[in-house]
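Chemist: show me the folded form of this:
(one chain, ligands or ions: 1)
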Amino acid sequence: MTTTLTYFDHLEDLDSESKYLVHKAKEATAHSYSPYSKFCVGAALMLDDGTMVTGANQENAAYPLCMCAERVALYTAAATHPDRKIIKLAVVAHKKNHKELTPAACCGSCRQVMLEFEQRQHKSMEIIMLGPDKRWTKAPSAASLLPLGFSKDSLEG
Ligand code: THU
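Modeler: Model (predicted):
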C-alpha cells in the first residue's frame, strides 16, 4: 500500500471530489467555537455512500478539553452512520476575522484517531490538508501520516 503524499500548488489542481470536500470543510469553520485560540478549523469527510459529514473545533475554558474539528467529524460519522466507511477527509483553518485559509496539518491526536478508524473499517481514508509549506497535500491514508502508530494489536495476544 502506498504511503506517498501528493502535493498541489493550487486548490484547482485537486480532483473535483476533493475540492468539494475542501469547500465543505471551509463552510464548517463557521461553526467553530474557538474564543481562546481564535483558530477556526473545519473538517469534512465523505462516506462510502457519498454522505458528507462535517465538524468544527470546539473549545472550552478548561483548555485540555478542546476538541479538534477532525475528531468532531469522525466521531459524528461513527455515531450517526456506524455502518459506513470513511473514504476521504479534508481539513482547513483560518484565523478569526480572516477569510483566507492558513496552513493546518492534522495534529498527532487526530492522526492516532484516524488510524484506528482505518483499522476498524479495514479501509484507508484519504486526507487532504493545506500543509505548512502552503501546498495542498493529499495523504493516501492515516497510516501514511503516522508511521509506527500505536494500535490495538499491541493490546492483544
Ligand atoms: N485544531 C483542530 O481543530 N485540528 C487540528 O488538527 C489542529 C488544531 C484546533 C484545536 C484548537 O481548538 C485550535 O485548533 C488551536 O489549537
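Chemist: switch to C-alpha atoms for all contacts and neighbour counts from now on
Modeler: Will do.
Chemist: which residue ranges of the chain form strands?
Modeler: With DSSP state E, the ranges of strands along the chain come out as 6-8, 39-47, 52-56, 86-95, 126-130, 136-139.
Chemist: now these as a markdown table including mean pLDDT, mean neighbour count and distance to residue 33?
Modeler: Output for the strands of the chain, formatted as a markdown table (pLDDT from 0 to 100; neighbours: other Cα atoms under 10 Å; distance: least, Cα to Cα, whole Å):
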| stretch | mean pLDDT | mean neighbour count | distance to residue 33 |
| --- | --- | --- | --- |
| strand 6-8 | 98 | 15 | 30 |
| strand 39-47 | 98 | 27 | 7 |
| strand 52-56 | 98 | 26 | 8 |
| strand 86-95 | 98 | 25 | 12 |
| strand 126-130 | 98 | 24 | 20 |
| strand 136-139 | 98 | 21 | 25 |
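Chemist: got a markdown table for these, with distance to residue 102 too?
Modeler: As requested, the strands of the chain are arranged in a markdown table below (distance: least, Cα to Cα, whole Å):
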| stretch | distance to residue 102 |
| --- | --- |
| strand 6-8 | 15 |
| strand 39-47 | 9 |
| strand 52-56 | 15 |
| strand 86-95 | 5 |
| strand 126-130 | 7 |
| strand 136-139 | 11 |
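Chemist: quick one, which of those strands gets closest to the ligand.
Modeler: The closest of the strands of the chain to the ligand is strand 39-47. By Cα to the nearest ligand atom, the value is 4.9 Å.
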